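*Asks:* predicted model follows, preceded by the sequence.
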Amino acid sequence: MVIWFRRFGEIPGITYESPADVRGRKLPGRDAVPEIHVFELEGKRRETLWWPARGGGGSASPAHERAFGDFGEVTTPALLKNCHEGLELPGEPSDYHFLIQGSANALWARRREEPQFLADMERLCQLDIQLIEAVPGAVQYESGKGTSFYSVAAFSLLINLYEREGSLREALDVAERASRYGQGDDVRDQLVERIAMVESEHHQ
């Protein structure tokens with residue numbers, strides 16, 4: 001069964017308050033409601049969403065459209081604005097995941113030129129992890145080996161950030177959460193060893 005939400009903050013288990021400059025604004029696509037199309041494939045019942053839009057609509061939600069633009073040349077404030085506005089639009093959990101992940105990756109890539117936005121990157125990564133823990137299906141796919149998870153950048157970005165800051169306990173917490181989704185096991189083991197070494201040095 002496909003699920004969608006009117007905005008990111010309405011997903012159960014998510015704690016999110018939109019920025020004041022976005023809250024309550026009448027954004028294009030904000031009131032969109034999809035049609036649910038049901039069909040059979042290989043004897044199984046399937047559902048898809050059809051989103052109304054100018055020109056007839058399509059399978060992409062308003063949030064999805066915000067997630068897959070070309071933001072290489074936009075300013076960082078514009079990048080964040082696009083992300084915050086996209087989180088106020090209707091979409092599926094995976095749409096919000098890719099919107100957040102793309103924005104966080106872009107902020108990390110700009111960290112040397114604009115380190116002042118690292119706090120925004122950290123916040124977005126934490127939101128993405130909240131989303132994944134609330135709706136694991138946002139990053140799940142079926143393979144010959146059963147259910148698997150796509151690689152989630154939020155885990156590695158936060159671990160890198162916290163390691164650079166020397167916050168090994170925080171990095172370990174992220175690695176342990178990542179391990180529930182089939183990633184970060186090696187990093188987790190390395191962090192456990194590093195923390196043990198640091199603590200032993202302090203007790204000498």
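*Replies:* Yep, that arrived.

*Asks:* going forward, measure contacts and count neighbours with C-alpha atoms only.
*Replies:* Will do.

*Asks:* check contacts around the residue nearest to Pro90 when sequence neighbours are not counted.
*Replies:* By the measure of C-alpha to C-alpha, 6 or more residues apart in numbering, the closest residue to Pro90 outside its immediate chain neighbours is Arg6, 4.1 Å from it. By C-alpha atoms under 8 Å, 6 or more residues apart in numbering, the contact list for Arg6 reads 30-31, 88-91.

*Asks:* list buried residues within the residues you listed.
*Replies:* Among the contacts of Arg6, those scoring as buried are 30, 88-91 (criterion: 16 or more other C-alpha atoms under 10 Å).

*Asks:* in JSON lines: these, plus pLDDT and secondary structure.
*Replies:* Formatted as JSON lines, the buried ones among the contacts of Arg6 follow (pLDDT from 0 to 100; DSSP: H, G, I helix; E, B strand; the rest coil):
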{"residue": "Arg30", "pLDDT": "92", "secondary structure": "coil"}
{"residue": "Glu88", "pLDDT": "96", "secondary structure": "coil"}
{"residue": "Leu89", "pLDDT": "96", "secondary structure": "coil"}
{"residue": "Pro90", "pLDDT": "96", "secondary structure": "coil"}
{"residue": "Gly91", "pLDDT": "96", "secondary structure": "strand"}
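
*Asks:* and the residues you listed, which is closest to Thr15?
*Replies:* Comparing those against Thr15 with C-alpha to C-alpha places Glu88 closest, at 13.6 Å.
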